[in-house]
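Novice: using only what follows, build the 3D model:
(one chain, ligands or ions: 1)
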Amino acid sequence: MPSLYEHAGGEEGLHRLEQLFYDSVLRDPLLQPLFGEGQPQHVDHLTMFTAESFGGPDSFSRELGFAHLIAVHRGLEITEEQRLRFVELYVAAFDAAGMPGDAPFREAVLEHVEFGTQVAKQNSHAQSDDELHPLREVPRWTWSGDDD
Ligand code: HEM
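Specialist: Down below sits the predicted model:
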């Protein structure tokens, strides 16, 4: 069975997905204020993160590092409403990008973004390092396909 990375269409598939997702975030009245006019590197960085977490190349950890990811979310004070909208738009982007619709893949993707948004939300409210989520590296996500 392929990794999540391969199943999602590798680098090309994930970049297409993240571009559609980021475009929808910047159009969203609840999320856009957090992102402003957008960052030119955001889609590339999000693609690198997702690729690594899905079992692809580890360029996010090598070139950016997890500490950078913690730093960019600190102070954002993400609300639960914003977190849920982020999840909703992310799932919608999988449909828009024509990603595979099989249940094991979609379940893994949903768990991944649920977890990731909880981590980002907690870190966005941390007043001290003690209040950060304990995660310190890009999680390597597995799915039922890895067992076959
Ligand atoms: C699965 C969860 C998440 C992941 C993997 C993720 C990943 C990232 C990445 C890779 C960046 C780019 C950092 C850079 O500039 O190098 C970033 C920035 C940012 N994220 Fe997240 N994030 C997540 C959740 C969230 C949530 C829930 C929000 C708000 C609702 C959020 C808001 C932002 C903002 C405002 C920035 C900085 C501006 C920008 O780069 O456009 N993130 N995030």
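Novice: now do whichever residue of the chain sits closest to the ligand against residue 73, distance only.
Specialist: Nearest residue of the chain to the ligand: residue 116, at 2.4 Å (CB to the nearest ligand atom). For glycine as for every other residue, the C-beta is placed from the backbone atoms N, C-alpha and C. Separation of residue 116 from residue 73 (CB to CB, to the nearest Å): 10 Å.
Novice: what's the pLDDT at the residue of the chain closest to the ligand?
Specialist: Per-residue confidence (pLDDT) for residue 116: 98.
Novice: three-state assignment of it?
Specialist: Under DSSP: H, G, I helix; E, B strand; the rest coil, residue 116 falls in the helix class.
Novice: near the ligand, which residues of this structure?
Specialist: 31, 34-35, 38-39, 41-42, 45-46, 49, 64, 68-69, 72-73, 76, 78, 82-83, 86, 113, 116-117, 120-121 (CB under 6 Å from any ligand atom).
Novice: can I have the buried ones of those as a PyMOL selection?
Specialist: What follows is the PyMOL syntax selecting those of the residues of the chain next to the ligand that are buried according to 16 or more other CB atoms under 10 Å:
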select buried, resi 31+34+42+45+46+49+64+69+73+78+82+83+86+113+116+117+120+121
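Novice: just the ones of the residues of the chain next to the ligand in helices?
Specialist: 34-35, 42, 45-46, 49, 68-69, 72-73, 82-83, 86, 113, 116-117, 120-121 (DSSP state H).
Novice: skip the chain neighbours and tell me the closest residue to residue 105.
Specialist: Closest residue to residue 105 in three dimensions, ignoring its sequence neighbours and counting by CB to CB, 6 or more residues apart in numbering: residue 7, at 5.7 Å.
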